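Participant: A structural model of the following input is requested.
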Amino acid sequence: MLINFRDINYDEFIHLVLTYGVKIIFTLIVLIIGLKLIKWFTTRLNNRLDKSKIDPSLKSFVTPLISVVLKILLLISIISMFGVEMTSFVAILASFGFALGLALQGSLSNFAGGILILILKPYRVGDFIEAGDHSGTVKDIQIFYTYLATTDNKKVVIPNSIMANSSLINYSTYKTRRLEIKLFCSYNNNLYKVKEIIENLLMDHEKILKDPKPNVLFQELSNNSVNFVVRGWVQASDYWNLYNELILLIKNLFDKEEIMIPHQQIDVHLQEKSTS
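Facilitator: As a prediction, this is how the structure comes out:
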């Protein structure tokens, strides 16, 4: 279908161009300035939170949330510039939000889980935790996901809904931990001597806490060995270094004192077959 330019009312056309063209240009200006202001505000907020003593977990959650809310308000303001009634727009937005909510139930549960994590604080940024099949240091808690760094520096992303509704172990909550090492000694050893030299080692070590007092307990008389359990309280940050150090120190003590460590062995008895 060809357009007959003679039928065009140029005055109305120019009026429409001027009216809506100016609105579109003004809207684009408002959008650009609004986005820049939101970015400036969130950057300043991040810098202020960095200087404050606020929990890093709260910082990584609140800043993105404020950014999203401000952008939604900016969008509503821009739509209102075109004369769209807010009541109609809110009704449409509510219907759209309901449909979107049904489609994104998992994401909404992750968001709710993030809120619960920030309120209840089962863990924070920097804590070493174990959740399900994963363990690592909490690097970030965001709106929908928690990010862990494993001991071999792998990134693990876990939905907040799982973190909020599952059991987990937080190794960083308390400042001290009880270190426990199991030992096996031969029946040929003087067991009281073994117990004494290990207790002296624990009492002399500067990083083993003396209150509660460390102890060495007889645990079990097995088929091939007498089993001990060595327990001592240490600072949580020293746990793994001390664990490895104590094993080496105990091994050296056993060698020096000629304390025998049993080895798995099988006794085989051969019976001669009589010939007649």
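Participant: for the stretch 101-250 of the chain, which segments are assigned as helices?
Facilitator: Using DSSP state H, counting those that start in this stretch, the helices of the stretch 101-250 of the chain run over 105-120, 160-165, 191-204, 239-256.
Participant: which of these is buried the deepest?
Facilitator: Most buried of these by mean neighbour count (mean count of other Cβ atoms under 10 Å) is helix 160-165; its value is a mean of 20. Any C-beta I mention is one placed from the backbone N, CA and C, and that applies to glycine too.
Participant: and the protein, what are its domain boundaries?
Facilitator: Taking automatic domain parsing as the domain assignment, the ranges for the chain are 10-103, 114-170, 176-256.
Participant: and those domains, which is most packed in?
Facilitator: Scoring the domains of the chain by mean neighbour count under mean count of other Cβ under 10 Å gives domain 114-170 as the most buried, with a mean of 16.
Participant: if we can go back for a sec, as JSON lines, the helices of the stretch 101-250 of the chain with mean pLDDT and distance to residue 41 would be great.
Facilitator: What follows is the helices of the stretch 101-250 of the chain, written out as JSON lines (pLDDT from 0 to 100; distance: least, Cβ to Cβ, whole Å):
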{"stretch": "helix 105-120", "mean pLDDT": "79", "distance to residue 41": "21"}
{"stretch": "helix 160-165", "mean pLDDT": "88", "distance to residue 41": "25"}
{"stretch": "helix 191-204", "mean pLDDT": "90", "distance to residue 41": "56"}
{"stretch": "helix 239-256", "mean pLDDT": "90", "distance to residue 41": "43"}
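Participant: for residue 212, which of those is the nearest?
Facilitator: Nearest to residue 212, of all these, is helix 191-204, at 11.6 Å by Cβ to Cβ.
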